[in-house]
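Novice: what follows is a predicted structure for the sequence shown.
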Amino acid sequence: MASWRKGWRRAAGWAPLALALALASPTRALELRGATYFSKPPWSVDLISYQTYTYETRPEYYFTVSLDPQAGAALGGLTITQTRGVDRWFEFSVDRTKAFLGGNPRREGPKIPVQAAFDQATRTFTITFPEPVQPGQTVTVVLRPWTNPAQADTYMFAVNAYPAGPNPSPASLGYGTLRIYNVGDFN
């Protein structure tokens, strides 16, 4: 028998074991040139609000993100930027921002620490998790404006996820869409 065939058979015998080990071992955060990336980034965001009329007081906007078990890195933070909507001046109560594990606003899971900052000029929230959200978990961040916008419109928020680690590279999650109606729209 040719020597290359023996080598091939020997290698083929190890293939199932190598595949099993590769599938069983946890994924690591991808670090390139000093930057941290997700191996399998989150890819979508859900936005829910139960108060959808203009001027409603103390509404809550629930942004939910799920991390893949093989994400390779914990979630260190999010940016949420209003990119569309007529009213660009409705104010947020940044100190009332909260976060919890789980994705159901009506059945909140355990609360987790969150730090929030808001830049009015760019309409961008910067959310940081002092205790990063681990792969396989779902987190919901609750933003709380003082009132809903004064103008009915479709409001869109671009969301980026940042892995925990040095020099994190953001993963775009797309847009959360919030429709705000005039009170008389359904009469």
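Specialist: Perfect, thanks for sending it.

Novice: show me what stretch 39-52 is in contact with.
Specialist: Residues outside stretch 39-52 that contact it (CB atoms under 8 Å, 6 or more residues apart in numbering) are 27-30, 58-68, 70-73, 75, 103, 105, 148, 157, 159, 161, 163, 171, 173-181. Bear in mind the C-beta positions are built from the backbone N, C-alpha and C, glycine included.

Novice: can I get the buried part of these as one ChimeraX selection?
Specialist: The ChimeraX selection below is limited to those of the contacts of stretch 39-52 classed as buried (16 or more other CB atoms under 10 Å):
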select :29,30,59,61,62,63,64,65,66,67,71,72,73,75,103,105,148,157,159,161,163,171,173,175,176,178,180
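
Novice: tell me the phi and psi of the spatially most central residue of the chain?
Specialist: The C-alpha lying nearest the average C-alpha coordinate of the chain belongs to residue 65 (CA atoms, centre = their mean; 3.9 Å). Residue 65 has phi and psi values of phi -130, psi 130 when expressed as degrees, to the nearest 10.

Novice: quick one: the helices in the chain, in order.
Specialist: Shown for the chain, the helices assigned by DSSP state H span residues 3-24.

Novice: tell me which stretches of it form strands.
Specialist: 30-32, 35-37, 46-48, 61-66, 75-84, 98-101, 111-112, 115-119, 124-133, 138-143, 153-163, 171-180 (DSSP state E).

Novice: in its sheet, what does the third one sit against?
Specialist: Strand 46-48 has the following sheet partners, assigned by DSSP bridges: strand 61-66 (antiparallel).

Novice: roughly how far is the strand it pairs with from the heart of the chain?
Specialist: 7 Å (CA atoms, centre = their mean, to the nearest Å).

Novice: same deal with stretch 176-187?
Specialist: On the basis of CA atoms, centre = their mean, stretch 176-187 sits 25 Å off its chain's mean C-alpha point.

Novice: next: stretch 86-97.
Specialist: 19 Å.

Novice: still on that earlier bit, how about the strands of the chain in CSV, adding distance to residue 92 and mean pLDDT?
Specialist: Shown next, in CSV, are the strands of the chain (distance: least, CB to CB, whole Å; pLDDT from 0 to 100):
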stretch, distance to residue 92, mean pLDDT
strand 30-32, 33, 62
strand 35-37, 28, 92
strand 46-48, 15, 97
strand 61-66, 9, 98
strand 75-84, 10, 98
strand 98-101, 13, 98
strand 111-112, 19, 98
strand 115-119, 5, 97
strand 124-133, 7, 98
strand 138-143, 6, 98
strand 153-163, 12, 98
strand 171-180, 13, 98
